[in-house]
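# fold the following.
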Amino acid sequence: MKVHEKLAEIQKQLNAPKGQYNNFGKYKYRSCEDILQAVKPLLGGFCLKITDDIVEVGGRIYVKATACLFNEHSGIHVDAFAREPENKKGMDSSQITGAASSYARKYALNGLFAIDDNKDADTKDNTKEGQPQPKEATKKKVKDYPALVEWIMEEDSKERQKKAFSLYEFTTEQLTEIKNLA
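Numbers count the residues shown, from 1 in each chain. Now for the predicted structure:
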């Protein structure tokens, strides 16, 4: 079987549920380990290899993870990058690198196996269309979320602001406050 055929087969069959829960953000997510556990039974005669490289771009250190599906004839790979923060409270340098590696590996696997990391369909509001949707007012104080503020204001902040708005139900005013704190 050709690698592209096998990849299409795995993508159709793969079920990697979000088996982890983030107490801080109150959301479910899947880890690299969750994906690996789900994909291993589907590999058949193919191999999956994940490697990391440390690269410097513009004076910043990134972990470049490569996920490769291959057999003795050919292979296909996907790269993903995660930046190490300059510092992270409560973590030593090896833990920071390990966290960046896990994050990059997860997204390399997501890319290879076409895993969508958006909210699951069962988290959507299934009320009838056209009905007004009640919106609960959020009482969160932005200053109570320093790690989240730091996360949102990193380099790709537009995408992170969208995620903060949806995952953490921050209002537009709260996101403006976050920008002002940075």
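# and the chain, what are its domain boundaries?
1-117, 138-182 (automatic domain parsing).
# okay, these in a markdown table with mean pLDDT and mean neighbour count next?
All C-beta atoms are positioned from the backbone trio N, CA, C, and that covers glycine. As requested, these are exported to a markdown table (pLDDT from 0 to 100; neighbours: other C-beta atoms under 10 Å):
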| stretch | mean pLDDT | mean neighbour count |
| --- | --- | --- |
| domain 1-117 | 90 | 15 |
| domain 138-182 | 56 | 14 |
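# could you look up the SS state of Ala82?
Put simply, Ala82 is strand when judged by DSSP: H, G, I helix; E, B strand; the rest coil.
# surely it meets Ile96?
No: the pair Ala82 / Ile96 is not scored as a contact, 10.4 Å apart, by C-beta atoms under 8 Å.
# all helices of this protein, in order?
Along the chain, counting by DSSP state H, helices occupy 3-13, 32-39, 93-112, 146-152, 157-167, 172-181.
# state the distance from Ala114 to Val39.
Using C-beta to C-beta, to the nearest Å, we find Ala114 at a distance of 12 Å from Val39.
# surely Asp79 is in contact with Ala108?
Yes: assessed by C-beta under 8 Å, Asp79 is found in contact with Ala108 at 6.3 Å.
# identify the contacts common to these two.
Taking C-beta atoms under 8 Å, 6 or more residues apart in numbering as the contact rule, Asp79 and Ala108 both touch Ala65, Thr66.
# residues in contact with the nearest residue to Ile61 once chain neighbours are set aside?
Take Ile61 and drop its neighbours on the chain: the residue closest to it by C-beta to C-beta, 6 or more residues apart in numbering is Glu84, 4.8 Å away. Residues near Glu84 by C-beta under 8 Å, 6+ apart: Arg60, Ile61, Tyr62, Val63, Ile96, Thr97, Ala100.
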